[in-house]
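Undergrad: Structure, please.
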Amino acid sequence: MDDLTGAREAAQRALTLYRRAGHDAGIADALCAVAANGLLGVPDLELVRRSARSAYEHASKAADEYLMARALAVLTPALPSAERLPALEEAATLLLRCGNHRELAVSYSNTAYRALLEGRCDEGLELAEKAMVVARGTDGPHIMMFTAANVGVAALLLRRFEQARDAFCRQLHLCGEHGFRWEAAEGFAGLAAVAARDDQLDRAAQLLGAATAITQVGENPILQRIVNEFIVFARPRYGEAQWRRAETAGSAMSFQDAIAYALGAGPPDRRRSPETARREGALV
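TA: Model prediction:
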């Protein structure tokens, strides 16, 4: 994700080479990569559909059931809503037959995210929870982190605040443990929304600052919706000047300090060092 341009270029180079060699399985594999990259950043759904369908055709020629399943899995999130679930069921059947739980979790998660972007929050939560169940059977912290984020977003938009809090904390714990910086923005913003709902306005502003230090709100439609539905009402309650100061303080935190703060530690300038804690304990 940190080098999406490089990933897209690499997939196109692989596709060119496999086409030159006339290697159907390789072409299908490269087209799946092209399609998967098309879902990232600013999605190009037409590219995803075209590439994934072509991948399925080449995988069928190669009689490669795994690649057929992968092509269906990456195609599903780009389909119109009425076509998604039947395609996802077919992909799930093939992927489970191949023992590929990770690809199935990714497909559930990506399809959940598309549903959330369209405002289909109940569907998004159902799919995200299925993704979480499947992801637990994998060893991939990245997909576990993404599925937790989608559960958090769906629960938040449905006003299931405790479920959202738990999911975002799980996501951010994984982000901190594995250095997933770019992906942490939705977790910070989600916990900012929960804090705003609890009238913890300084905390809400600092967490939003941590999110916008990673990506601008206007660049992420989910962040934009979180701000529109939860933050815009909190800012005037706190006061514009105080909110700006707190948000600036949040954006100035290091990534690990922001993770610690989101997971319950105090702001960095208010935490005691172990030496200070021992000294204060000795004075009690």
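
Undergrad: residue contacts, the residue most central in space within the chain?
TA: Using C-alpha atoms, centre = their mean, the residue of the chain that lies closest to the mean C-alpha position is residue 146, 4.0 Å off. By C-beta atoms under 8 Å, 6 or more residues apart in numbering, residue 146 lies in contact with 106, 109, 183. Where you see a C-beta, it was placed from the backbone N, CA and C, and this is true even at glycine.

Undergrad: Counting neighbours, which of these comes out on top?
TA: Neighbour tally across the contacts of residue 146 (other C-beta atoms under 10 Å): the maximum, 27 neighbours, falls on residue 106.

Undergrad: how far away is it from residue 39?
TA: 10 Å (C-beta to C-beta, to the nearest Å).

Undergrad: Give me the common contacts of those two.
TA: Contacts common to residue 106 and residue 39, judged by C-beta under 8 Å, 6+ apart, are absent.

Undergrad: tell me which element residue 244 is part of?
TA: Secondary structure assignment for residue 244, by DSSP states H and E: helix 240-252.

Undergrad: For that helix, which outside residues touch it?
TA: With C-beta under 8 Å, 6+ apart as the contact definition, helix 240-252 has outside contacts at 201-202, 205-210, 212-213, 234-235, 238, 258, 261, 267.

Undergrad: Can you list which of those residues are found in helices?
TA: Mapping the contacts of helix 240-252 onto helices (DSSP state H) picks out 201-202, 205-210, 212, 234-235, 238, 258, 261.

Undergrad: Report the buried residues of the helix holding residue 244.
TA: For helix 240-252, a neighbour-count test (16 or more other C-beta atoms under 10 Å) marks 243, 245, 246, 247, 249, 250, 251 as buried.

Undergrad: for the record, mean pLDDT for that helix?
TA: Mean per-residue pLDDT for helix 240-252: 97.

Undergrad: Point out where the stretch 151-284 of the chain drops to low pLDDT.
TA: Within the stretch 151-284 of the chain, the segments meeting pLDDT under 70 span 266-284.

Undergrad: and stretch 55-68, what's its mean pLDDT?
TA: In the prediction, stretch 55-68 has an average pLDDT of 93.

Undergrad: Going forward, the N-terminal residue is numbered 47.
TA: Sure thing, new numbering starts at 47, so read that last one as stretch 101-114.
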